[in-house]
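**Student:** with the sequence up front, the predicted model follows.
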Amino acid sequence: MTNKINFDELFNKFNGLKVLIVGDVMVDNYIIGKVDRVSPEAPVPVVDVTSFDSRLGGAGNVALNIKAMGGIPILCSVIGNDKEGEDLKNLLAKQGLTSRAILSSDKRKTTTKTRVLGNNHQLLRIDHEIKTEIDTLDSFLLDEHFNRELEVADVVIFEDYNKGVLHAKNIEKFINKCNSVNKPTIVDPKKSNFLTYKKTTLFKPNLKEIKEGLNIENNLDTIEEVIEAVTLLESKLGNTISMVTLSERGVLIKKGEDYKIIPAHVRNIADVSGAGDTVVSVAALCLALNTNIETLAELSNLAGGLVCEKTGVVPVEKAALLAEANKLN
């Protein structure tokens, strides 16, 4: 890095930062077992179940990463008034996370993804969800939760998985409210609402999302092409900072005319699941402290790489990230 950073001091400042995470929260269920035969009823494997596991998914995984880094996550979402919703609240309680800004609606299902694993391979995924936009009443009640929690938040993350909690009207309303009270915002977008997130502080697509969101047909193989795409994106969104994750090429971060390419670190990649959640979590904490863009990108890139060394979706380990960060100086 060009300037030496006191990472111990920076990481200590993460402690107690309040992070409002608005978007789609879900439950990831796992049915785990062994397969040694095919069913006589149909040509499908028979899974002899050995264990079950339930974890927080979607925006819930972002919350776990914020907590792991010492921050205080506040999830703001709409779930179903159903058994799966109770399961989600129990998972939050076990992690010491609040559900005070989560609305339980009779008109929704709690998004639940159930994966059946046999011999360490995923055989089937069953999705239980409603993906239509939340209605006017639920939007109004979500607004009340959001406005209340925004008063104490240091930074706001929009975690959009296209499950209907975030839609064009409330996205615009939430961002305008944040800007009016000078609260920084960071967006982890998906295709449906991609160009709706105008005037945010930091917009964080990956390469696939930026191509789909802007209907770009070429592969963006060169950095020049990526910068051209980001410049086009900024002309449409008016965001302050853009950070594009480039897989094995690392991360591009751009603010105004200033940009940096942060190369990927050599890793023993075990599983890339959840890496994007980790990247946006660390970036949000840095954004709350007005950290310079190079440090923000370096730390986010390191954090995403670290969780890829673990199997399954796991939050980043703060001590391990600090040790890696200190090697940068």
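**Tutor:** Now that the structure is in, tell me what you want to look at.
**Student:** out of everything not next to it in sequence, what's closest to Leu64?
**Tutor:** Pro315 (4.3 Å; CB to CB, 6 or more residues apart in numbering). Just so you know, the C-beta spots here come from the backbone N, C-alpha and C atoms, and that holds for glycine as well.
**Student:** wait, is the one you found part of a helix?
**Tutor:** No - counting by DSSP: H, G, I helix; E, B strand; the rest coil, Pro315 falls outside a helix, being coil.
**Student:** pretty sure it contacts Ala303?
**Tutor:** No - Pro315 lies out of contact with Ala303 (CB atoms under 8 Å); the separation is 9.5 Å.
**Student:** give me the common contacts of these two.
**Tutor:** Listed as contacting both Pro315 and Ala303 by CB atoms under 8 Å, 6 or more residues apart in numbering are 65, 278, 281.
**Student:** as a check, name the ranges of all helices in the stretch 201-329 of the chain.
**Tutor:** 207-213, 223-237, 275-288, 293-307, 318-326 (DSSP state H, counting those that start in this stretch).
**Student:** buried ones in the shortest one, by neighbour count?
**Tutor:** Okay, so that is helix 207-213. In terms of neighbour count (16 or more other CB atoms under 10 Å), helix 207-213 has its buried residues at 207, 209-211, 213.
**Student:** show me the shaky parts of the stretch 201-329 of the chain.
**Tutor:** Scanning the stretch 201-329 of the chain with the threshold set as pLDDT under 70 gives 265-274, 308-313.
**Student:** ok so, going back, how about the contacts made by the residue nearest to Leu64?
**Tutor:** Contacts of Pro315 by CB under 8 Å, 6+ apart are 61, 64-65, 67-68, 278, 281, 307.
**Student:** closest to Leu141 among those?
**Tutor:** Distance ranking of the contacts of Pro315 against Leu141, using CB to CB, places Asn61 first at 24.3 Å.
**Student:** related to what we said a few turns ago, Throw the shared contacts of Pro315 and Ala303 into a markdown table and include distance to Glu172 and neighbour count, thanks.
**Tutor:** What follows is the shared contacts of Pro315 and Ala303, written out as a markdown table (distance: CB to CB, whole Å; neighbours: other CB atoms under 10 Å):
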| residue | distance to Glu172 | neighbour count |
| --- | --- | --- |
| Asn65 | 27 | 27 |
| Thr278 | 28 | 29 |
| Ser281 | 24 | 32 |
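**Student:** any idea which of these is the one closest to Lys34?
**Tutor:** When the shared contacts of Pro315 and Ala303 are compared against Lys34 (criterion: CB to CB), the nearest one is Thr278, at 30.8 Å.
**Student:** pretty sure that closest one contacts Ala63?
**Tutor:** No - with contact defined as CB under 8 Å, Thr278 does not reach Ala63; the gap is 11.9 Å.
**Student:** returning to what we had before: ok, which pair from the contacts of Pro315 is furthest apart?
**Tutor:** Lys67 and Val307, at 14.2 Å, using CB to CB across the contacts of Pro315.
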